[in-house]
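S.K.: below are the sequence and a predicted model for it; my questions follow.
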Amino acid sequence: MTEPRIALLSSAAAALDDAGLVSAYSVADRSTPTLRVNFVTSLDGSATVKGLSGGLGGPADKLVFDTLRRLADVVLVGAGTARSEGYGAMRLPDADQQWRVEHGLAPQPTFALVSGRLDLDATSDIFTKAPVRPLVLTSAAAPADARDALGEVAEVVSCGDDHAEPQLIIDALISRGLPQILCEGGPSLFGTFIAADLVDELCLTVSPLLEGGAGIRISHGESEAARRMRLVHVLESDGLLLTRYARAR
């Protein structure tokens, strides 16, 4: 497959290679905890096409997706999104593993799932083929039998009494030496983090596609105040806009 051309939008636009993408998405200080969220949206605001996000992206979006995983300590996903998007075991390619080791990181990021009901299949590839023991973040009220079953293949962590609380999720990851957090959705999980004022970065791909209005937004929930973000960069590839926003604190 031909490598997509990704250019920085400026008066002297130039294509970004692999090292350029890593530089564009690296944080200044990895010891400072960062919750980064990655989504793709259509021009008319949909997070999916026919129920899935895959129809919105392209080769450049996949490169950014892979780059963000390479830079993360942990990849965080809601259980519903993992099911609907067909997640399997998260395993980075050999080249990405080598890059991580050369830069003082573990070969693979940890995979973490958020689930209130623990309606997860302990025999799925997510768990049985994982290169690193996954985390399952839930509440103390989760069913005990499901907790026991998942405890055989993952570390099950209570992050609240009645539901998994956003701040306790972040605290649990940081306490395990995983401060660089990449959240890949879904909209409800993103919405809870917005409401709790915990989102540090949003990496948003804007697809040159009109979906028609049937799809959901990238976030869903209730928030008392809008959160101001500042634009870090805009990249472009074949009509896709690859943006990075950071919280204006």
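M.R.: Happy to help now that I have it.
S.K.: so which elements touch the lengthiest helix in the chain?
M.R.: Ranked by residue count, the top helix of the chain under DSSP state H comes out as helix 59-71. Packed against helix 59-71 by the contact rule (3 or more Cβ pairs under 8 Å, 6 or more residues apart in numbering; DSSP states H and E) you find helix 18-25, strand 34-41, helix 94-102, strand 180-183, strand 201-206, strand 229-237, strand 240-247. Placement of C-beta: from N, CA and C, glycine included.
S.K.: now for the third one, which elements pack on it?
M.R.: Taking 3+ Cβ pairs under 8 Å, 6+ apart as contact, the helices and strands that helix 94-102 lies on are helix 59-71.
S.K.: the helix it packs on vs helix 94-102, what angle?
M.R.: 40 degrees (axes from the mean of the first three to the mean of the last three Cα atoms, to 10 degrees).
S.K.: distance between helix 59-71 and the chain's centre?
M.R.: Offset of helix 59-71 from its chain centre (Cα atoms, centre = their mean, to the nearest Å): 11 Å.
S.K.: rewinding a little: can I get the helices and strands packed on helix 59-71 in JSON lines with mean pLDDT, mean neighbour count and distance to A60?
M.R.: Shown next, in JSON lines, are those (pLDDT from 0 to 100; neighbours: other Cβ atoms under 10 Å; distance: least, Cβ to Cβ, whole Å):
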{"stretch": "helix 18-25", "mean pLDDT": "94", "mean neighbour count": "15", "distance to A60": "9"}
{"stretch": "strand 34-41", "mean pLDDT": "97", "mean neighbour count": "23", "distance to A60": "11"}
{"stretch": "helix 94-102", "mean pLDDT": "98", "mean neighbour count": "14", "distance to A60": "17"}
{"stretch": "strand 180-183", "mean pLDDT": "98", "mean neighbour count": "25", "distance to A60": "18"}
{"stretch": "strand 201-206", "mean pLDDT": "97", "mean neighbour count": "21", "distance to A60": "8"}
{"stretch": "strand 229-237", "mean pLDDT": "94", "mean neighbour count": "16", "distance to A60": "3"}
{"stretch": "strand 240-247", "mean pLDDT": "95", "mean neighbour count": "20", "distance to A60": "5"}
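S.K.: any weak-confidence spans in the chain?
M.R.: Across the chain, the ranges flagged by pLDDT under 70 are 1, 6-14, 249.
S.K.: on the strand side of things, show who H233 bridges to.
M.R.: R244 (DSSP bridges).
S.K.: number of nearby residues for A142?
M.R.: 21 (other Cβ atoms under 10 Å).
S.K.: for the one 4 residues further on, same thing?
M.R.: A count of neighbours around A146, defined by other Cβ under 10 Å, yields 18.
S.K.: and what of the one 4 residues further on?
M.R.: By the measure other Cβ under 10 Å, the count of residues near L150 is 22.
S.K.: who touches it in this structure?
M.R.: Neighbouring residues of L150 by Cβ atoms under 8 Å, 6 or more residues apart in numbering: 118, 120, 122, 127, 136, 156.
S.K.: who touches the second one in this structure?
M.R.: By Cβ under 8 Å, 6+ apart, L120 lies in contact with 79, 113, 126, 136, 146, 150.
S.K.: name the next helix or strand downstream of the helix or strand containing the second one, please.
M.R.: Secondary structure here is read from DSSP states H and E; on that basis L113 sits in strand 110-114. Towards the C-terminus, the helix or strand next in line after strand 110-114, according to DSSP H and E, is helix 125-128.
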